[in-house]
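Student: I'd like to go over a predicted model; first the sequence, then the structure.
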Amino acid sequence: MSNLDVKRTAKLFIGGTFPRSESGRTYEIFDKNKKFVANVALASRKDARDCVVAARSAFTKWSEATAYNRAQVTYRVSEIMQGRREQFIEELSYWTKSKKEAEKEVDEAINRMVWFAGWSDKLAMVTGSNNPVAGSFFNFSVPEPTGIVATIAPEKSPLLGLVETIASAIVSGNSVIVIASETQPLAAVSFAEVFATSDVPAGVVNILTGSYKEIAPWLASHQDVNALDLTGVDKKSIAQELENQAAINLKRVLRPNTKIDGLTRIKTFLETKTVWHPRGF
């Protein structure tokens, strides 16, 4: 008896669960040879709002965890990614020029996750300071997470780009909503499964599939979203409109085509709190 060819129906990842889109919609994706690969959930604005609720409910626990604990948890994500290495390679191979190119991206993505994990318990030393003041006080500046970060992952490098946008936000204590690559979403769905089986609290990472042109405006204008990463936006006019909507509640915005290193990307989604403390005598 031959095995059935079970076609995958890729779902969303919201609050640690894998629901279908509230709208019930799906869309088909095809490989580089125009061959059908899978049906994928087409997220709606209601799904985006559900993500914000999940991300907000997870933010307090995640942001109040120790930096050392966040480093351990994020490193665990890279361990699970390593165990799924062949799966990621297979999924990227549908669109890459060769298997070797897919292997390169997967290995870079795993290495990058380890790199970001290593920054979690070092950020306070690098971005904070002990400020000299006149008077009998200590004055400290310490970094704090911005809150909920909505990101648009790039179409190219769908796994590595996803790692960059997600990891750079969560290592400092933010929670994330990410719109994955529309044409190459399978790696994002598998990445969601990695988070679901890791120690990352439910709701810290939420992944939507579908068209960012449909979903992003609702996240950009949402009053409970604190920052917007436009890395994956491919049209200047759309980026400008999203930035205008983000200005309603003074969101932090990372513009597309901004060439920055990983540490600068982390710092983009940090706030600085200054604390005064009296000296003892």
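Tutor: Yes, it's here.

Student: Wait, a helix at residue 22?
Tutor: No - residue state for residue 22 (DSSP: H, G, I helix; E, B strand; the rest coil) corresponds to coil; a helix is not indicated.

Student: and it, what does it touch?
Tutor: Applying Cβ atoms under 8 Å, 6 or more residues apart in numbering, we find residue 22 in contact with 44, 46-47, 50. Every residue, glycine included, has its C-beta placed from N, CA and C.

Student: Most neighbours out of these, which is it?
Tutor: Of all the contacts of residue 22, the most densely surrounded is residue 47 (24 neighbours; neighbours counted as other Cβ atoms under 10 Å).

Student: List the residues that contact the residue nearest the centre of the chain.
Tutor: Centre of the chain computed as the mean C-alpha position; nearest residue by Cα atoms, centre = their mean is residue 166, 2.4 Å away. By Cβ under 8 Å, 6+ apart, the residues touching residue 166 are 151, 176, 178, 191, 205.

Student: try residue 191
Tutor: 81, 159, 162-163, 166, 207.

Student: repeat that for 7 Å
Tutor: Contacts here follow Cβ atoms under 7 Å, 6 or more residues apart in numbering; on that basis residue 191 touches 159, 162.

Student: if I look at it, how far off is residue 169?
Tutor: As judged by Cβ to Cβ, to the nearest Å, residue 191 and residue 169 stand 14 Å apart.

Student: Who are the packing partners of the helix or strand hosting residue 51?
Tutor: Secondary structure assignment for residue 51, by DSSP states H and E: helix 45-64. If you count contacts as 3 or more Cβ pairs under 7 Å, 6 or more residues apart in numbering; DSSP states H and E, helix 45-64 packs onto strand 148-152, strand 175-179, strand 205-208, helix 212-220.

Student: Rebuild the contacts of residue 22 as JSON lines, extending it with distance to residue 93 and pLDDT.
Tutor: Below are the contacts of residue 22 laid out as JSON lines (distance: Cβ to Cβ, whole Å; pLDDT from 0 to 100):
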{"residue": "44", "distance to residue 93": "30", "pLDDT": "96"}
{"residue": "46", "distance to residue 93": "34", "pLDDT": "96"}
{"residue": "47", "distance to residue 93": "29", "pLDDT": "97"}
{"residue": "50", "distance to residue 93": "32", "pLDDT": "97"}
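
Student: got the contact list for the spatially closest residue to residue 66 that is not a sequence neighbour?
Tutor: Of all residues not flanking residue 66 in the chain, residue 121 sits nearest, at 7.9 Å (Cβ to Cβ, 6 or more residues apart in numbering). For residue 121, the contacting residues are 67-68, 71, by Cβ under 7 Å, 6+ apart.
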